[in-house]
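Visitor: Fold the following, please.
(4 chains, ligands or ions: 2)
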Amino acid sequence: MATHTELGLSDHEYALILAGLGREPGPVELAMLSLMWSEHCAYKHSRRLLGRLPTDGPHVLVGPGENAGAVDVGGGLAVAFKVESHNHPSAVEPFQGAATGVGGILRDVFALGARPIALLDSLRFGEIADSARSRYLLERAVAGIGHYGNSIGVPTVGGEIYFEAEYEQNCLINVMAVGLAPHERLTSSAAVGVSNSLVLLGALTGRDGIGGASVLASAELSGGEDAKRPTVQIGDPFAEKKLLECCLELLDLGLLASLQDLGAAGLTSAASEMAAKGGVGIDIDVASVPLRETDMEPFEIMVSESQERMLCVVEPARVAAVLEVCERWEVLATPIGQVTEPAGGVGAFRVLRHGRVVGELPVSLLVDDCPRYDLAPEAPPRGLYPAPARRLDPSASAGETLLALLACANLASRAPVFTQYDPVVGSRTVRRPAEGDSAVLVLDNGAAIAVAIDGNGRRVAVNPRAGAAEAVYECAANLACAGAEPLGLTNCLNFGNPEKPHVAWQLAEAVDGLAGACETLGVPVVGGNVSLYNESPDGPILPTPVVGMVGLLPDPERAGRTGFLQAGDVIALAGRFHPSRDGSEIAKLHGLAPEGELPTKDLGGLAATHALIRDGVRSGVFHSAHDIAEGGIATALAECVLAGGVGAEVTLPDGLDPFGEDLGTAFIVSGPAAQLSGRDGLAVLGTVGRERLVIAGLLELDLSELTAAHVGSLAVALGEGVGPG
Amino acid sequence: MKFGILRFPGTCDERDAAGAVGRLDGVEAEILPHHDRDLRGVDAVIVPGGFSYGDYLRTGAIARFAPVMESVTEFAAAGGIVLGICNGFQILCEAGLLPGALLPNPSLRFLFRQVRLSVVDPECAFTNACPLTLSVPVKHTTGRYYSPDPVDVVFKYAPGENPNGSQDDIAGVRNAAGNVLGLMPHPEHAVDPLCGGSADGLTIFASIAAHLRASASTPATPAG
Amino acid sequence: MPRARVLIRPKAGILDPQGQAVERALPQLGFTGAANVHVGRLIELDVEDIAEVAGMCERLLANPLIEEYEVIELASASAGEPSA
Amino acid sequence: MPRARVLIRPKAGILDPQGQAVERALPQLGFTGAANVHVGRLIELDVEDIAEVAGMCERLLANPLIEEYEVIELASASAGEPSA
Ligand SMILES: Nc1ncnc2c1ncn2[C@@H]1O[C@H](COP(=O)(O)OP(=O)(O)O)[C@@H](O)[C@H]1O
Ligand SMILES: [Mg+2]
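Guide: Ligands and ions are numbered 1, 2, ... in the order given. Coordinates of the predicted model:
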């Protein structure tokens, strides 16, 4: 039997367990506790920080604490969404790691009673130009996401990808799922009703991912991936598709008292959190759990992370009806235990085998009593991250520079990736990838939502507080370009080892930056995920908070688009734009480390600019709208030209750096001259037309040259399938 | 008039197909689950896209044995109109209701792309209301059509648009009797300009409805 | 109970992109001289009667239009085979 | 030139959804009693040196994290095998 140290518990934590229990835990109990007290399940190093995030808002229906958050979108409909990481499993086996990441976040969304209607993926890899391994990880992770999302019939409508050397050993795979539910189908995971049955739905339980949460997600990756082999989980989107349809039908029929997905720490985590939320106890008999391998120990059954399983609470009189529905969907359903009366207010989690108790723990000990640590943040010295290789001579002409930016891995066309995803299944997709800055999905109430996901680790490395805030602003800017007003936000905090003072500082600063930006824009945080210990022997990743947002637009016919539409339209700049080069894409091409300062934002002006863009798009005055992001205004103009297939001729304001960045603050819009000229808040730059991009005094490039550059490095990296395996 | 839309475990595009059909005046759609032999009196059957049985073993291989397929086979033998889309096409080939087979794309990757289709026979039960070219998306990993024997081609990828190495640019074929058609592109995802910039796909469903109406008034007309 | 091994291969003359991808990838890893690479499916199962397997292949396991199959009887449901 | 046959199977204990799907489908076709069904890949290739094939499996043909492989040397690049 493993010792507490081998299971990742500190001596101090073990002492707390002894005190809480008044005795030594048995083997089943220790396995359960070690997982529930892992970073992944207990948020030991982040829970206190997360309290700083604003969570209230007029549209919030379900805030943090449930499997996913949900906001009201009118007409009795709710949109549920959450982003989650599957970083460490994907570094070990990218195809299955990414695939099961998709499966996991989808379960969180339909556990709430929402039908998943969209996926977005946020990916980070090492430099594909230099690293065959990063090309392999990209290829296989994208294939895995497509495999799961396409096969289960949920469209992948958006995402983002960055390549930085710091992710070489520790790629990031974050996936966001968005679901739709009538209010009355929203379901809690709180177990209720003493003597109600616990019914396990879905796949057989095998030895998949035993100890995954503690071993993989709560420890740094070091060499010897061999040791982690038994933890590889295989995704079965077919099984999950049946499970999804079955669960939604069970909820529609009103047969379930509560529903919860099985993720990290399997049955242990699912059942104990259901019990904690409901203030009840739970009995589970492991002998009734259907197994894929017959010789499994009780502790293995309790912590198995086999995919495609859900746990529900059912009134005894309804169990037969539940089993009947499951049989029709060819979903295995097995009563495995029941809800029990809490004794003196404290529920007990009892694990039995053929009726004999093999473990018994207070639910509160599992769920609440794990210590939450204060971080010991300390600002690091400069020079934390090395300078990247120089890829462009700083004396290159503006034209050459723009072409180099369009071709670089972080800005090149994403088409080689997103053409591997089905963006239309479900018949809601109004803006497909690359058509708009956000994906837009039409709802049954006639309105639409816009969804986007953003994060830029290099800028967070420069200044964690300002960089994390920028992610929120940029995400909101993307929504504004669709004509949408943000309703709620989800986030995934991907950081290194929080026990290191400088990582703790990055994390604390970034959370403050997120919190401040959410307050500025009035957007509540409704959920999220934390992924720590993203480190390799070479050091930590860039600090990478990823922000996903959902916004509402009243009229999908008016959804904004990126591309210039019509020759003769006027092009204008909106926003208080103060670009600089620290932490920018051009600084990276020039071989400069992510250091310096990010531009200070004029926060009142920023919110007003977003409103200006949103209103212009909604009213149809703007034929196109695009936020100025990485690569600066020259890149943004080129992107509008490429997306629209029509050229432009502009003159930039005096002294404006064509390649500097100030994310989330400024926009390029186009529209009829009569409407745009002289409009408040807009500075006219030029007109749409011809087949070239002309920036007066700076560059002249044919559309064909821009297109050739933009096809770029991703197409090369993904040029040919790797084949089987 | 009622169109039946089959649903197997793992089918994904059945709601889309039902929604597409529902846009036509006087046409309703009903989902027909795989385990039920009863076709519920429908006038036409659509076998929609998706990943029936996970596409495990071979696309369409397992779905063809579902109980509902026995009835579809009888329905087709009696001249009933059957349209297979993507996975539905694969299923109909596996079931022997259509000639040929679908093979993996040469890239071995899933591919989503809007393509232009040329209508080879504009007069048949499936195309009588179609323009000569249609803009419709494809999305599949296994869409390379192959047949060792000559086949009755109804849709081809327009020149230069073949996304998957299909033999002779074939995008859709019908059986000898002309009442069963399979195609890889997804007309049900081109029915509303709001969601995709083309409503061309709707004309395929409209063709079927028009054909059914015409044959209802002159019952002796053979399909095709 | 006998254990059957079924080998399923793309028929001669049918493009085998998987085989080609492997053939192209091998030299890049320094393995020269591999040729004639074909990728197919392997199915192994316990059956009551080995004579039934050909029928399973004709109807389900293979598609005779594009694939050929070969059935091999293994000694028994032996040790060393992965079990469910 | 020797011809190698490589059998690649899901490792014991690793979920095999394809094998499960086939196992559930067979009884529907009237084939009862099939059990322990596993679906893997079959790769056949001519090689200069059969000893190299294990290395090919480790690096390309199989995914050693989740699959096991077995290399069988065939008599020769024989007739009866499909050729490119
Ligand atoms: N960064 C974050 N911001 C806001 N809420 C968070 C964050 N991280 C986690 N949460 C919330 O904490 C709860 C537990 O998260 P998690 O363990 O990831 O849930 P699950 O086990 O359902 O995947 C969830 O309600 C989640 O939304
Ligand atoms: Mg959950």
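
Visitor: Spell out which residues of chain B are next to chain C.
Guide: B:57-58, B:61-62, B:65, B:94, B:100-101, B:103-108, B:144, B:146, B:148, B:165 (C-beta under 8 Å from any C-beta of the partner chain). To be clear about C-beta, it is placed using only N, CA and C from the backbone, and glycine gets the same treatment.

Visitor: and if we set it to 7 Å?
Guide: B:Arg58, B:Ala61, B:Glu94, B:Ala101, B:Leu103, B:Pro104, B:Pro106, B:Leu108, B:Tyr146 (C-beta under 7 Å from any C-beta of the partner chain).

Visitor: in chain C, which spans are helices?
Guide: With DSSP state H as the criterion, chain C has helices at C:17-28, C:53-56.

Visitor: could these go into JSON lines alongside mean pLDDT, distance to D:Arg41 and mean neighbour count?
Guide: Listed next are the helices of chain C as JSON lines, based on pLDDT from 0 to 100; distance: least, C-beta to C-beta, whole Å; neighbours: other C-beta atoms under 10 Å in any protein chain shown:
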{"stretch": "helix C:17-28", "mean pLDDT": "93", "distance to D:Arg41": "9", "mean neighbour count": "19"}
{"stretch": "helix C:53-56", "mean pLDDT": "96", "distance to D:Arg41": "19", "mean neighbour count": "18"}
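
Visitor: Could you export the ones you listed to JSON lines, including columns for distance to chain A?
Guide: Listed next are the helices of chain C as JSON lines, based on distance: least, C-beta to the nearest C-beta, whole Å:
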{"stretch": "helix C:17-28", "distance to chain A": "3"}
{"stretch": "helix C:53-56", "distance to chain A": "21"}
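
Visitor: Ligand 2: which of those helices is closest?
Guide: helix C:17-28 (36.9 Å; C-beta to the ion).

Visitor: so what does the closest one touch, helix or strand wise?
Guide: strand C:35-46 (3 or more C-beta pairs under 7 Å, 6 or more residues apart in numbering or on different chains; DSSP states H and E).

Visitor: Give me the mean pLDDT for the strand it packs on.
Guide: Average pLDDT, strand C:35-46: 96.

Visitor: what about it and chain B, any contact?
Guide: No: for strand C:35-46, no contact with chain B is found by C-beta under 7 Å from any C-beta; the gap never falls below 7.9 Å.

Visitor: Buried residues, that strand. List them.
Guide: For strand C:35-46, a neighbour-count test (16 or more other C-beta atoms under 10 Å in any protein chain shown) marks C:Asn36, C:Val37, C:His38, C:Val39, C:Gly40, C:Arg41, C:Leu42, C:Ile43, C:Glu44, C:Leu45, C:Asp46 as buried.

Visitor: ok, and which of these reach chain A?
Guide: Within these, those near chain A by C-beta under 7 Å from any C-beta are C:Val39.

Visitor: how about CSV for the buried residues of strand C:35-46, with distance to ligand 1 added?
Guide: Converted to CSV, those look like this (distance: C-beta to the nearest ligand atom, whole Å):
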residue, distance to ligand 1
C:Asn36, 49
C:Val37, 43
C:His38, 43
C:Val39, 37
C:Gly40, 40
C:Arg41, 36
C:Leu42, 37
C:Ile43, 37
C:Glu44, 37
C:Leu45, 37
C:Asp46, 39
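
Visitor: Could I get the buried residues of strand C:35-46 in a markdown table, plus columns for distance to chain D?
Guide: Converted to a markdown table, the buried residues of strand C:35-46 look like this (distance: C-beta to the nearest C-beta, whole Å):
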| residue | distance to chain D |
| --- | --- |
| C:Asn36 | 5 |
| C:Val37 | 4 |
| C:His38 | 5 |
| C:Val39 | 5 |
| C:Gly40 | 4 |
| C:Arg41 | 6 |
| C:Leu42 | 4 |
| C:Ile43 | 5 |
| C:Glu44 | 5 |
| C:Leu45 | 4 |
| C:Asp46 | 4 |
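
Visitor: where's the closest residue to A:Thr419 other than its chain neighbours, which helix or strand?
Guide: Sequence neighbours aside, B:Phe112 is the residue nearest to A:Thr419 in space, at 5.2 Å (criterion: C-beta to C-beta, 6 or more residues apart in numbering or on different chains). Take DSSP states H and E as the rule and B:Phe112 turns out to sit in strand B:111-119.

Visitor: just the CA coordinates of that strand, formatted as PDB?
Guide: The C-alpha trace of strand B:111-119 is given here as PDB (Å, rounded to 0.1, in the frame of the first residue of the first chain):
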ATOM      1  CA  LEU B 111     -12.200  17.900 -43.900                       C
ATOM      2  CA  PHE B 112     -14.800  20.700 -43.700                       C
ATOM      3  CA  ARG B 113     -15.200  22.800 -46.800                       C
ATOM      4  CA  GLN B 114     -17.900  24.600 -48.800                       C
ATOM      5  CA  VAL B 115     -17.800  23.000 -52.300                       C
ATOM      6  CA  ARG B 116     -19.600  23.600 -55.600                       C
ATOM      7  CA  LEU B 117     -21.600  20.700 -57.000                       C
ATOM      8  CA  SER B 118     -22.600  20.200 -60.600                       C
ATOM      9  CA  VAL B 119     -26.000  18.500 -61.100                       C
END
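
Visitor: per-residue confidence averaged over it?
Guide: Mean predicted lDDT for strand B:111-119 stands at 97.

Visitor: Would you mark the buried spots in it?
Guide: B:Leu111, B:Phe112, B:Gln114, B:Val115, B:Arg116, B:Leu117, B:Ser118, B:Val119.

Visitor: That strand: how far from the chain's middle?
Guide: Centroid separation for strand B:111-119 versus its chain: 14 Å, with C-alpha atoms, centre = their mean, to the nearest Å.

Visitor: For the buried residues of strand C:35-46, give me a markdown table that also has distance to A:Gln675.
Guide: Formatted as a markdown table, the buried residues of strand C:35-46 follow (distance: C-beta to C-beta, whole Å):
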| residue | distance to A:Gln675 |
| --- | --- |
| C:Asn36 | 66 |
| C:Val37 | 62 |
| C:His38 | 63 |
| C:Val39 | 59 |
| C:Gly40 | 63 |
| C:Arg41 | 61 |
| C:Leu42 | 65 |
| C:Ile43 | 66 |
| C:Glu44 | 69 |
| C:Leu45 | 70 |
| C:Asp46 | 74 |
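
Visitor: coming back round to it: quick check: bridge partners of the residue nearest to A:Thr419?
Guide: Beta-bridge pairing of B:Phe112 under DSSP bridges involves B:Lys139.

Visitor: wait, isn't it in contact with A:Thr429?
Guide: No: with contact defined as C-beta atoms under 7 Å, B:Phe112 does not reach A:Thr429; the gap is 10.9 Å.
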